[in-house]
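S.K.: 3D, please:
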Amino acid sequence: MRLYGVGICFGGCHEQNGAVALSTQFSHVIYAMSNNDLLVKVENLYRYYDDHCAVQDLSFELRKGEILGFLGPNGAGKSTTMQMLSGNLAPSAGRILINGVDLLDEPKRAKSAIGYLPEQPPVYADLTVDEYLNYCARLNRVPRNKLSNARQDAKERCGLKEVGHRLIGNLSKGYQQRVGIAQAIIHSPAVVILDEPTVGLDPIQIREIRTLITELGKEHGVILSTHILPEVQTICSRVQIIHKGRLLYNDTLSGLTQRMQSTSLVLACRLAPEMKFINALPDVKSVETLDEHRLRITFIAHTNPAEAVAAEVVKRGWGLLELTPERKSLEQIFVDLTAADEAVPEEQAA
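M.R.: Predicted coordinates for the structure are as follows:
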């Protein structure tokens, strides 16, 4: 959305053009002050490859201190989006603002606020860690008198202090990922974009990289592309689910947790329970037969009819064996959303 100033006349309207210009500057200052923690703003982003639409009408925001989990199956459009956000791929339509700067209008200025780790770390195996980070610092225009401190800070934050003299090609994959993250943050960017940073790592390496990303989230805005569901729950403050290039879900982690709360009960009795009596209870939406002695009871969100169900079972003499809340996992939410999206006709989705 473009912002335009509204003319304000000071001491008459003889200097109308100047007043408009002053007003425009003033409105931009107010906008910047009220959005000083807004690091990324994406508006109606599209990307076509010939006739195939890889990203479709994508809009979202990222603020300082957030770790945004960009979740989706392989081929959902995650990497295409990451490449557009980092300025490595031009969108077919739409707008990307980085720290208030239009990425297409002022690419150099916008990219100076971005640190990017693609899915394949862009490291040079025949350089030492120190040599490579010096090279990356110069690419990102870190002043010579600040280069050494920038390199040491990136190494310390990424756990590379002891391997600065070693060839990158001789490091483990986990350490190479650390080097990749170090090059992304060496110029202290406001926004750090990480595309599948834990793919191919062992469990210990994954834990170490997740801890590092959590630390980065305290000082930067982080966009984390992944298809690993537990990764989102472990380190992200906000979650977005993308499928077929479209945004299906966007909420905070607390909102996701609330969505995962139980909205159904599984009832098992010694004698076959009669659905009509359970269906008549307050807050019960529906009842489904699982087998002769078991029912699934779906109830209204933010209510819990468990006590009423138990009392009804005792009253009817059915013999209560089980009354268990069913919680939706992130995996189930993900499957439900993508399955529903699959059911949308292609022409309707477009």
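
S.K.: residue nearest the centroid of the protein?
M.R.: residue 69 (2.4 Å; Cα atoms, centre = their mean).

S.K.: what helix or strand is it on?
M.R.: Using DSSP states H and E, residue 69 sits in strand 67-71.

S.K.: what's in contact with the helix or strand following that strand?
M.R.: Following strand 67-71 in sequence order, the next helix or strand is helix 78-85 (DSSP H and E). Contacting residues not belonging to helix 78-85 are listed as 40, 42, 45, 47, 54-55, 58, 70-72, 89-91, 96, 103, 114, 116, 118-119, 193, 195-196, 223, 225-227, 242, 245 [Cβ atoms under 8 Å, 6 or more residues apart in numbering]. C-beta: built from backbone N, CA, C; applies to glycine.

S.K.: now do the helices in this structure.
M.R.: Remark: helices assigned in the chain by DSSP state H are 16-34, 78-85, 107-111, 129-139, 144-157, 173-185, 203-216, 229-235, 253-259, 275-279, 306-316, 330-342, 346-349.

S.K.: same question for the strand holding residue 69, mean pLDDT?
M.R.: When pLDDT is averaged along strand 67-71, the result is 91.

S.K.: when you give positions from now on, start the count at 13
M.R.: Got it, the first residue is 13 from now on, which makes the last one we talked about strand 79-83.

S.K.: so which bits of that strand are buried?
M.R.: Buried residues in strand 79-83, defined by neighbour count with 16 or more other Cβ atoms under 10 Å: 79, 80, 81, 82, 83.

S.K.: of these, closest to residue 170?
M.R.: Residue 170 lies nearest to residue 79 out of these, by Cβ to Cβ, at 16.5 Å.

S.K.: could I get the contacting residues of that closest one?
M.R.: 225, 226, 228, 229, 234, 236, 247, 248, 249, 250.

S.K.: the strand holding residue 81 pairs with which strands, parallel or anti?
M.R.: Sheet partners assigned to strand 79-83 using DSSP bridges are listed as strand 233-238 (parallel), strand 250-255 (parallel).

S.K.: got a markdown table for those strands, with mean pLDDT, mean neighbour count and distance to residue 218 too?
M.R.: Shown next, in a markdown table, are the strands paired with strand 79-83 (pLDDT from 0 to 100; neighbours: other Cβ atoms under 10 Å; distance: least, Cβ to Cβ, whole Å):
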| stretch | mean pLDDT | mean neighbour count | distance to residue 218 |
| --- | --- | --- | --- |
| strand 233-238 | 92 | 25 | 11 |
| strand 250-255 | 90 | 23 | 19 |
